[in-house]
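>>> Model the structure of this input:
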Amino acid sequence: MSGVGAWIRYGDPITEEQIRFAAEHYRAAILQPWELDAAAELKRQRPDMTVLCYKCFSSTRDYEPGPVYSSGVSYREAEAAGGQWFATRQDGSRIEWNGYRGHWQMNVWDSDYRARWVENVAGELAGSPFDGVMADNDVFDDYYGIRPPITAAESMADFRAALGTLVEAAGTALNSVGKILVPNIAESRREPGRWAAHAAYGGGFEEVWLGYGPENLFDPRTAEAQLPQADGPGLSILRVPTDGDDAHPNFTYGLAAFWIFGGGRGSYTATGHDDYSRTQHIAELDWPLGQPEGQPTAQGHVWSRAFSNGWAAVNFNQDGRRRRRVKVPAGLVDAAGQPAPQHLVLPPQRGVVYQRGQNH
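Numbers count the residues shown, from 1 in each chain. Next up is the predicted model:
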């Protein structure tokens, strides 16, 4: 298997060059559901790659022409059903998401809506080249200006409860046709057991791992509360935010944490906000660090772990005075092939990954 990279790719149309690159460098991919030819070609070139299609749990989009949609229930289908599947404010008006024109909040607590979502998506995926679904917007809080109370929903707790029911139904149905469900599980660290329960049908996607933005990384305790996500269940896809430049230090920061706490399981990427139209990559993403040798070790929120073919370290501290001197195992090299130092002063919110040199 080539590397641990995840290709989050539901923006502009995909090119043949990107497919070739992805087959060579990525372990998992998330595509739009109408990218059937791309999915089939990825599976042809890389049968071991997990290729998922995007579907939204919580919204429908009025601008999509079909016949394949990014939502489980299309706007036209919801209209034809009588309109009751659209969430409404207490004055009866529908709710368009702030910042995302044409995205309409759905009544996720409506059992008929959930049943139709599951029926549509499981039927579409049966026999598909996709291995399963990445279900977006398994929300925890109000990210889109819903501002409850609204009709039939007093608080975001009603949304969370309904989405939990939808995850269970959708995961069971998809598993029954040989597919997996990987929800985009928002803020699972705030609710014990949420990640494990929602990832139980094939895995989970964390879109804001270790931080909300390139300059808004989590404090050490918040970051460490997310770390169990790297270890499953199922396929964990973890994304760390950058400014869109693959040379951004957050790329290696997150990759080091991915290896230390996931042991190389799952899949990892680092991207800019909604930057899902290209192939993000650094050389270290392809490194086969091998099997873990012992458990992660820590001193003051600075963690490291050795592997049969490499080593990684990460400093979760925020304070600029919290630089840490770390001893580096012998025989390692960096991405340029240069020998790693014997000791490393690791700045706050930075990580390093080294691999074993050819002579060791």
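>>> Now the phi/psi pair for residue 266, please.
Main-chain dihedrals, residue 266, degrees, to the nearest 10: phi 80, psi -160.
>>> Might you report the residue contacts of it?
Residues near residue 266 by Cβ atoms under 8 Å, 6 or more residues apart in numbering: 4, 203, 230, 232, 235-238, 258. (C-beta placed from N, C-alpha, C; glycine too.)
>>> What confidence value was assigned to it?
We note a pLDDT of 96 for residue 266 in this prediction.
>>> Residue 360 now?
Taking residue 360 on its own, its pLDDT is 51.
>>> Residue 322 now?
Reading off the model, residue 322 has pLDDT 67.
>>> what do you get for residue 69?
At residue 69, the pLDDT recorded in the model is 98.
>>> quick one: the helices in this structure?
Assigned by DSSP state H, the chain shows helices spanning 16-25, 36-45, 75-80, 111-125, 156-176, 194-198, 220-226, 249-262.
>>> most neighbours per residue, which of those?
Most buried of those, by mean neighbour count (mean count of other Cβ atoms under 10 Å): helix 249-262, with a mean of 24.
>>> roughly how far apart are the closest residue to residue 54 other than its chain neighbours and residue 297?
Spatial nearest neighbour of residue 54, chain neighbours left out: residue 10 (4.7 Å); criterion: Cβ to Cβ, 6 or more residues apart in numbering. Per Cβ to Cβ, to the nearest Å, residue 10 is found 38 Å from residue 297.
>>> per-residue pLDDT, the nearest residue to residue 120 once chain neighbours are set aside?
Computed as Cβ to Cβ, 6+ apart, the closest residue to residue 120 that is not its neighbour in sequence is residue 72, at 5.4 Å. As predicted, residue 72 sits at a pLDDT of 98.
>>> Ramachandran coordinates for residue 72?
Dihedral angles for residue 72 - degrees, to the nearest 10 - are phi -70, psi -30.
>>> From the structure, what's the count of residues near it?
28 (other Cβ atoms under 10 Å).
>>> And for residue 215?
Neighbour count for residue 215, taken as other Cβ under 10 Å: 9.
>>> In JSON lines: the helices of the chain, plus mean pLDDT and distance to residue 342.
Below are these laid out as JSON lines (pLDDT from 0 to 100; distance: least, Cβ to Cβ, whole Å):
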{"stretch": "helix 16-25", "mean pLDDT": "97", "distance to residue 342": "31"}
{"stretch": "helix 36-45", "mean pLDDT": "98", "distance to residue 342": "42"}
{"stretch": "helix 75-80", "mean pLDDT": "98", "distance to residue 342": "61"}
{"stretch": "helix 111-125", "mean pLDDT": "98", "distance to residue 342": "52"}
{"stretch": "helix 156-176", "mean pLDDT": "98", "distance to residue 342": "48"}
{"stretch": "helix 194-198", "mean pLDDT": "97", "distance to residue 342": "38"}
{"stretch": "helix 220-226", "mean pLDDT": "96", "distance to residue 342": "26"}
{"stretch": "helix 249-262", "mean pLDDT": "98", "distance to residue 342": "18"}
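>>> Switch those over to CSV; also include distance to residue 62.
Output for these, formatted as CSV (distance: least, Cβ to Cβ, whole Å):
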stretch, distance to residue 62
helix 16-25, 28
helix 36-45, 23
helix 75-80, 4
helix 111-125, 16
helix 156-176, 21
helix 194-198, 28
helix 220-226, 34
helix 249-262, 35
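>>> Nearest to residue 356 among these would be which one?
Evaluated with Cβ to Cβ, the helices of the chain place helix 249-262 nearest to residue 356, the distance being 13.7 Å.
>>> Tell me which residue is most central in the protein.
Centroid-nearest residue in the chain, with Cα atoms, centre = their mean: residue 205, separated by 3.2 Å.
>>> I'd like to know how far it sits from residue 356.
31 Å.
>>> check contacts around the residue nearest to the centre of the chain.
With the criterion set at Cβ under 8 Å, 6+ apart, residue 205 makes contact with 30, 134, 182-185, 236-239.
>>> Next one: the nearest residue to residue 167 once chain neighbours are set aside from residue 327, what distance?
Distance criterion Cβ to Cβ, 6+ apart; nearest residue to residue 167, sequence neighbours excluded, is residue 198 at 5.1 Å. Residue 198 is 39 Å from residue 327, where distance means Cβ to Cβ.
>>> Next: residue 305.
Residue 305 is 13 Å from residue 327, by Cβ to Cβ.
>>> Which one's more surrounded, the two?
Neighbours were counted for residue 305 and for residue 327 using other Cβ under 10 Å; residue 305 has more, 23 against 11.
>>> Return the set of buried residues in stretch 340-350.
Neighbour-count burial for stretch 340-350, with 16 or more other Cβ atoms under 10 Å as criterion, is recorded at 340, 344, 346, 348-350.
>>> Over to stretch 122-139?
Quick answer for stretch 122-139 (16+ other Cβ under 10 Å): 122, 124-125, 128-139.
>>> isn't residue 187 right next to residue 138, touching?
No. Under the criterion of Cβ atoms under 8 Å, residue 187 makes no contact with residue 138, lying 9.9 Å away.
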